[in-house]
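Q: take this sequence and fold it.
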Amino acid sequence: MNQGYTETATKVSIASLFVNLGLTIAKVCAGVFATSYAVLSDGINSAGDVFSRLITLIGIRLAGKQEDENHKYGHERFESVAAVILAVIICFTGVMVGYNGIKMIVDGSYKDIAIPGKIVLVVAAGSIVAKEIMYHVTMHFGKKINSDVLKADAWDNRTDVLSSAGSLVGAVGAMLGIGILDSIASIAIALMILRSGVMIFREAIRKMTDEACDEATEAKMRTCIMACEGVKAVDMLKTRLFGNRIYVEIEIAVDKDMRLEDAHNIAEEVHDGIEREFDDVKHCTVHVNPYIAVEEVLKEPKNKEKGQ
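A: Reported below is the predicted structural model:
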């Protein structure tokens, strides 16, 4: 993982952390003083986001460490570990918010909610704008450097947009005398939070279990390999995801009468071509096999019979 990746991811995460810190303070204060449980729930979600960004920063710093004696393949998977922790925190937050919303409906306490002040509308609307901007910024850099954690943060920001919209609906409902809408909005927010957590968890686990690249990527790799002069066939192509990087194992077939040095040069060309064309590839291994035409394979039994 290069230094530019770590620096970019760190800067975006720090910016996200401070935005969420400001929104947390604004939402919690508005929720408490303007008596809106939906906005307060949204504030609790933002507080969880602050803690989540700290986990993200730690994961990015650990993942950016160079290979050492105990981690000869690098530390990229620490980013996926951070994403799993992030997902668990998000899901826990969603469960708590949903539980309180359901509890208020069951025990009827929503009837006692005072009409929220207009400040909650301003805070909720401001949160929607801020989070939508953060979604686009974070997703842009997440795609640019192919960072799972930044992409997870981006989707979390988009979920927060919906969450803030829910709190806005809840506040308006309470102002119109439909107090139960505030609790219903809290439950809706909880479901959005849980969905975000599950998505992040699934993506992180996918990167930690050596899942192969998608078929389109592997097809492009095969095309790249066959474009190298001297390659007769691709006998094997295996890929596995390691954090946000890719490891590739290739077996190519070349003319069986070719000199060893020439075969080695072709393997080097395949190796360099894959690492050059696919930025996410961290390591590529190429093995060379002798190419045997189908016609020769079909003739072999006959030749053996003649020999007998």
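
Q: pLDDT value on Leu23, please?
A: Leu23 carries a pLDDT value of 83.

Q: whoops, I mixed them up, Gly43
A: Confidence score, pLDDT, at Gly43: 77.

Q: got it, and Val198?
A: Val198 is given a pLDDT of 87.

Q: ok, it - contacts?
A: 87, 91 (C-beta atoms under 8 Å, 6 or more residues apart in numbering). Bear in mind the C-beta positions are built from the backbone N, C-alpha and C, glycine included.

Q: let's see 10 Å
A: Counting by C-beta atoms under 10 Å, 6 or more residues apart in numbering, Val198 touches 87, 90-91, 94.

Q: what's the answer for Met236, then?
A: 249-253, 287, 289.

Q: next helix or strand past the helix or strand harbouring it?
A: Per DSSP states H and E, Met236 falls inside strand 233-242. Later in the chain than strand 233-242, the nearest helix or strand by DSSP H and E is strand 245-255.

Q: what helices or strands is that next one leaning on?
A: helix 215-226, strand 233-242, helix 260-277, strand 281-291 (3 or more C-beta pairs under 10 Å, 6 or more residues apart in numbering; DSSP states H and E).

Q: tell me the mean pLDDT for the strand holding Met236?
A: Strand 233-242 shows a mean pLDDT of 91.

Q: relative to the whole chain's centre, how far out is the helix or strand harbouring Cys29?
A: According to DSSP H and E, Cys29 maps onto helix 3-33. Computed by C-alpha atoms, centre = their mean, to the nearest Å, the chain-centroid distance of helix 3-33 equals 18 Å.

Q: same check, this time on stretch 261-279
A: 30 Å.

Q: go on, stretch 196-204?
A: 8 Å.

Q: low pLDDT regions in the stretch 101-250 of the chain?
A: Within the stretch 101-250 of the chain, the segments meeting pLDDT under 70 span 109-117, 167, 179, 182.
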